[in-house]
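Chemist: below: sequence and its predicted model.
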Amino acid sequence: MVRMTSLADTIQAIPVQSMDTALADSFILGFDTETTGTISGKDSIVSASLVLRYPHKDFTSEVTQSWVINPRMPMHPAASRVNGFTDEFLATHGANQVDSIHEISDIIIAFLLRNIPVLSYNAPFDIAMLNGDMHKIGLADVTTELRDRDTENFLTHTQRELLVLDPLVIDRAVSHRPGPRKLIDTTQYYGVYPHGDFHTALADTVATVDVMREIIRLHDDIASLELTDLMPRQRFWYEQWQTSFNEYLRSKNRPQIKGSWL
């Protein structure tokens with residue numbers, strides 16, 4: 001059973017990892033959000049979960065922490081249908097937005113300073129939503145805050161960057177299968193069963209960490225990937241997928257995907 005506790009306390013016992021650490025030997029901090037909608041900076045996080053997975057252990061040893069947040073804005077009806085949150089529920093049970101976003105971002109940054117990758121399925125969405133809420137409460141984005149708080153590392157200000165692990169990007173690179181790749185599709189492909197219902201932040205986070213565990217188990221080249229190569233490789237894989245997918249979109253006279261990953 002996962003342990004519900006304070007990750008802020010757990011951080012103190014976690015060492016700084018070498019960037020030469022292989023992914024199979026690395027701590028992983030899973031991260032997922034549920035939101036009022038899909039537009040970062042406009043919409044807000046209503047639920048978030050962080051899951052610390054120890055190397056070579058399963059979900060029974062995880063340390064987890066979850067938040068339900070009053071976003072101080074209405075839920076978009078489509079988002080409410082997906083995640084089940086209502087304005088009434090969030091007004092009654094949601095925690096203070098400023099306190100919650102401070103706590104979530106502080107924990108994420110503290111783990112990043114220990115060179116522990118933050119894992120999120122379709123990571124640009126969750127990172128963008130967090131950045132949007134951080135701006136709302138007067139903070140900079142995660143990368144800027146990370147660099148400003150990096151007072152003990154030998155990396156220069158510009159060298160310190162996000163260390164993110166995105167199973168969606170990696171799965172596209174290693175499994176050439178047809179069909180959709182929503183989290184529920186990918187968990188089924190890898191034989192992962194959720195601990196709880198999908199579209200709750202905690203269940204989705206644990207499922208995503210389990211998917212990554214299976215990818216690592218099945219693919220030696222991913223298992224041996226060192227943290228220092230994690231971001232460049234994922235950017236490369238995303239660009240490969242984007243080029244291929246845009247060729248398909250052109251053939252269908254549909255708008256192409258623009259922009260980079262992270």
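Modeler: All right, it came through fine.
Chemist: pLDDT (mean, whole number) over stretch 51-63?
Modeler: Averaged across stretch 51-63, the pLDDT comes to 85.
Chemist: which stretches in this protein count as helices?
Modeler: 7-10, 77-83, 87-93, 97-112, 123-136, 142-149, 167-174, 183-189, 201-218, 220-223, 227-251 (DSSP state H).
Chemist: out of the ones you listed, which gets nearest to Asp25?
Modeler: Nearest to Asp25, of all these, is helix 220-223, at 8.7 Å by Cβ to Cβ. Placement of C-beta: from N, CA and C, glycine included.
Chemist: CA-only coordinates of the closest one in PDB, if you can.
Modeler: Taking Å, rounded to 0.1, in the frame of the first residue of the first chain, the C-alpha atoms of helix 220-223 are listed here in PDB:
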ATOM      1  CA  ASP A 220      17.700  -2.500 -21.900                       C
ATOM      2  CA  ASP A 221      18.600   0.700 -23.800                       C
ATOM      3  CA  ILE A 222      16.100   2.700 -21.800                       C
ATOM      4  CA  ALA A 223      17.100   1.000 -18.500                       C
END
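Chemist: does that helix pack against any helices or strands, and if so which?
Modeler: Using 3 or more Cβ pairs under 8 Å, 6 or more residues apart in numbering; DSSP states H and E, the elements in contact with helix 220-223 are helix 201-218.
Chemist: sorry, back to before: now the helices of the chain in a markdown table, with mean neighbour count, mean pLDDT and distance to Asp32?
Modeler: Output for those, formatted as a markdown table (neighbours: other Cβ atoms under 10 Å; pLDDT from 0 to 100; distance: least, Cβ to Cβ, whole Å):
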| stretch | mean neighbour count | mean pLDDT | distance to Asp32 |
| --- | --- | --- | --- |
| helix 7-10 | 14 | 90 | 14 |
| helix 77-83 | 14 | 92 | 11 |
| helix 87-93 | 14 | 95 | 17 |
| helix 97-112 | 20 | 97 | 11 |
| helix 123-136 | 20 | 97 | 6 |
| helix 142-149 | 16 | 93 | 15 |
| helix 167-174 | 21 | 97 | 12 |
| helix 183-189 | 17 | 93 | 9 |
| helix 201-218 | 22 | 92 | 4 |
| helix 220-223 | 13 | 98 | 21 |
| helix 227-251 | 14 | 96 | 18 |
